[in-house]
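Peer 1: Any chance you could fold what I've pasted below:
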Amino acid sequence: MSVHTIQPADIEAIMGEPISERLKKRLAEFDLRFTEITPQERDQYILETVRALVNPEIKVAGEHRIGDWERGWGENFDLFRQTGNPDAAVPLYFGKHPIVRWRRRWVRPVSESFDYRIICLLVEFAMERYMKEAAGIYEFGCGPGYHLLRARQINPTAHLVGLDWTTASQKLLNGMAESGIDKNLEGRNFDFYHPDETLEFLPNSVAYSVAALEQVGPRHEAFIQFLLKKKPELVVHFEPIDELLEKDDLHDQLSVLYSNKRNYLRGYLPRLEELEKEGKLTIHRKQRVHSGSFFIEGHSLIVWSPNR
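Peer 2: Presented below is the predicted three-dimensional model:
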């Protein structure tokens, strides 16, 4: 079976614009080879998805799961304490399934780090495009901060703030700051359900999230109102946006069904569009990026700003 490799032209076709020489070098460093699956395998993966959809014991997202995230990011914090290595910030959930989503189909990656590398590449694209000159970069639902740390490679002077509802996240980020890995880095508590009204953005700051709002389901209004009130210069999301997937495509709709089953983010883009019509914000970009895990295409790109 032939092996394919993701090329710069593939990323440019998805994003609709050229990528930088830096990103081309990053792409060359990553092992993004994959093979196609057979029709018989596709049938088996559809069946596996259906079994998940009818599984009454599948975990659903929500406020009740804070303990799970505390334990998960606690593992990353323990690893950092043992090693002092910033690579300890990489979540342990990547590479769990041998199949991933790429351009509206399932493919089989050669490397277990394929899904991790793809999202890194896409986030770095957005950081170059929207955060290179920012004075402050605020990641909401940052977890162990693995995206935030890479922002420093793109913006050498910004104040980096990682916001998460778990104490393990803050311990990890503040530990990295104290150890000298990045002294202009700060970990701070933040709860999407109950936003911290004392938080103020630096002038010329960007707020962003990556598969974090995913966890709030339909309960995103408090966070939207917080951003409208606090007015960062720009807001960037890589989140599951069902409205950007095709309604008559089986592969896409399996993602939508799974997202709903897990109580992942829904109604977010329609709400932003309503608020845009009311003159409260401006949406600059909304697009799918055609990559995801086995069950879900969860990283559509949304860029917006509060109107002033």
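
Peer 1: for E186, phi and psi?
Peer 2: Per-residue torsions, E186: phi -140, psi 130 (degrees, to the nearest 10).

Peer 1: Residue numbering should commence at 733 henceforth.
Peer 2: Let's use 733 as the start, then, which means that last one is E918.

Peer 1: residues contacting the closest residue to it other than its chain neighbours?
Peer 2: Residue nearest to E918 in three dimensions, not counting chain neighbours: V893, with 5.0 Å by Cβ to Cβ, 6 or more residues apart in numbering. In short, each C-beta sits where N, CA and C put it, glycine included. Taking Cβ atoms under 8 Å, 6 or more residues apart in numbering, we find V893 in contact with G868, I869, Y870, E871, L917, E918, G919, R920.

Peer 1: who does V893 bridge with?
Peer 2: Under the criterion DSSP bridges, V893 forms beta bridges with Y870, E918.

Peer 1: Any buried residues in stretch 781-790, and which?
Peer 2: Using 16 or more other Cβ atoms under 10 Å as the test for burial, stretch 781-790 gives T781, A784.

Peer 1: where's it relative to the chain centroid, distance-wise?
Peer 2: In this view, stretch 781-790 has its centroid 24 Å away from the chain centroid, taken as Cα atoms, centre = their mean, to the nearest Å.

Peer 1: Equivalent analysis for stretch 831-851, please.
Peer 2: Centroid displacement of stretch 831-851 relative to its chain, using Cα atoms, centre = their mean, is 15 Å.

Peer 1: quick one, phi/psi of the spatially most central residue of the chain?
Peer 2: The chain has V942 as the residue nearest its centroid, 2.2 Å off, counting by Cα atoms, centre = their mean. Note on V942: backbone dihedrals following degrees, to the nearest 10 are phi -130, psi 110.

Peer 1: Chain neighbours aside, what residue packs nearest to it?
Peer 2: Counting by Cβ to Cβ, 6+ apart, the nearest residue to V942 once its immediate chain neighbours are dropped is F970, at 4.6 Å.

Peer 1: need the next SSE after the helix or strand where that neighbour lies, C-terminal direction.
Peer 2: Assessed by DSSP states H and E, F970 sits inside strand 966-971. For strand 966-971, the following helix or strand on the C-terminal side (DSSP H and E) is helix 982-993.

Peer 1: Just the buried positions in that following helix, please.
Peer 2: Within helix 982-993, the residues that count as buried by 16+ other Cβ under 10 Å are H983, D984, L986, S987, V988, L989, Y990, S991, K993.

Peer 1: which of those lies closest to L854?
Peer 2: The closest of the buried residues of helix 982-993 to L854 turns out to be S987 (Cβ to Cβ; 16.7 Å).

Peer 1: neighbouring contacts of stretch 1001-1012?
Peer 2: Contacts to stretch 1001-1012, defined as Cβ under 8 Å, 6+ apart, come from residues 952-953, 956, 960, 973, 975-976, 1013-1015, 1018, 1034, 1036, 1038-1039.

Peer 1: The closest residue to E975 other than its chain neighbours: how many residues sit nearby?
Peer 2: Distances taken as Cβ to Cβ, 6+ apart place L1001 nearest to E975, at 5.1 Å, with adjacent residues excluded. Using other Cβ atoms under 10 Å, L1001 is surrounded by 20 other residues.

Peer 1: host element of L1001?
Peer 2: In this assignment (DSSP H and E), L1001 forms part of helix 1000-1009.

Peer 1: in that helix, what counts as buried?
Peer 2: Residues of helix 1000-1009 classed as buried by neighbour count (16+ other Cβ under 10 Å): Y1000, L1001, L1004, L1007.

Peer 1: got CSV for these, with distance to V839 too?
Peer 2: What follows is the buried residues of helix 1000-1009, written out as CSV (distance: Cβ to Cβ, whole Å):
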residue, distance to V839
Y1000, 27
L1001, 26
L1004, 31
L1007, 37
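
Peer 1: what would these look like in a markdown table with distance to P830 and pLDDT?
Peer 2: Formatted as a markdown table, the buried residues of helix 1000-1009 follow (distance: Cβ to Cβ, whole Å; pLDDT from 0 to 100):
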| residue | distance to P830 | pLDDT |
| --- | --- | --- |
| Y1000 | 30 | 98 |
| L1001 | 31 | 98 |
| L1004 | 35 | 98 |
| L1007 | 41 | 98 |
